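*Asks:* A structural model of the following input is requested.
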Amino acid sequence: MAVRKECGTCRHFRRSPVRSLGWCTNPKLKTVRERQVVNRTELACNRQLFDFWEPRSPVLGLSRDAKIGPFPVTNLIGVAAMAAVSLVLLTLLTTVTFATILARPQSPAPSATPAAAQAGPTPAPSPTPAVTRVKIGNTDGLGAYLRPEPNLEARGVVAWPDGSVLEIVGPDRQFDGKVWRNVKDSRGNVGWILREYLLPAE
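*Replies:* Residues are numbered from 1 along each chain as shown. Got it, this is the predicted structure:
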């Protein structure tokens, strides 16, 4: 489509605040400091047989003010720009969506192995002490206190001499680097005594 030669359709034309006027920036005619004010609807560089007009868009050969059918080229350029931005956003959204899906932990595939076999061996409960009756010893005749907590700072409930027989009622417990045994005395008191002061009762 032929484009009318006028300053407004030339690639060297720069708009000014005045709607109908602008500047000619063609370096062959004026330097940057000597821009010529021209009327956009005229061709200021026309010299009868020669002019310096060049189409504003080298690709389309159309100016921003030319029309294709009923639509100005400016509108079409805006539509094309919006379409390009939409395509970029769609691509970005698709990429983020796939990245999110891939980042999710995948559910394990169902297995034909029975659930009982998958669970593996059931952990064995804490072993019950083989010895159920012990006696106090290794105290050099001093005996040992039955304490309410497995802690040397806990006040003793009652002191028992060497040879006193006790019953183990629970698992051992470790505290502050020492092993304590949970025992019950002949009076029914339940508490803790250091394992090093207990021997198997015959």
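*Asks:* Which other helices and strands does the longest strand along the chain contact?
*Replies:* Identified as the longest strand of the chain according to DSSP state E is strand 165-175. Secondary structure elements in contact with strand 165-175, counted by 3 or more CB pairs under 8 Å, 6 or more residues apart in numbering; DSSP states H and E, are strand 133-136, strand 178-184, strand 190-194. Yep, even glycine has a C-beta here, placed from its N, CA and C like the rest.
*Asks:* What are the contacting residues of the first one?
*Replies:* By CB atoms under 8 Å, 6 or more residues apart in numbering, the residues outside strand 133-136 that reach it are 143-144, 160-168, 181, 183, 193, 197-201.
*Asks:* quick one: least confident helix or strand in the chain?
*Replies:* strand 67-68 (a mean of 47; mean pLDDT, DSSP states H and E).
*Asks:* re the thing from before, list the buried ones in the longest strand of the chain?
*Replies:* Buried residues in strand 165-175, counted by 16 or more other CB atoms under 10 Å: 166, 168.
*Asks:* and if you look at stretch 145-162?
*Replies:* Within stretch 145-162, the residues scored as buried using 16+ other CB under 10 Å are 145-147, 150, 157, 160, 162.
*Asks:* what's in contact with it?
*Replies:* Applying CB under 8 Å, 6+ apart, the contact partners of stretch 145-162 are 135-137, 139, 141, 143-144, 166, 173-176, 178, 180, 183, 185, 187, 189, 191-193.
*Asks:* one more time with 7 Å
*Replies:* 136-137, 139, 141, 143-144, 173, 175, 180, 185, 189, 191-193 (CB atoms under 7 Å, 6 or more residues apart in numbering).
*Asks:* I'd like the distance between the residue most central in space within the chain and residue 168.
*Replies:* Nearest to the geometric centre of the chain sits residue 103, at 9.7 Å (CA atoms, centre = their mean). Using CB to CB, to the nearest Å, we find residue 103 at a distance of 54 Å from residue 168.
*Asks:* Neighbours of residue 102, how many?
*Replies:* 8 (other CB atoms under 10 Å).
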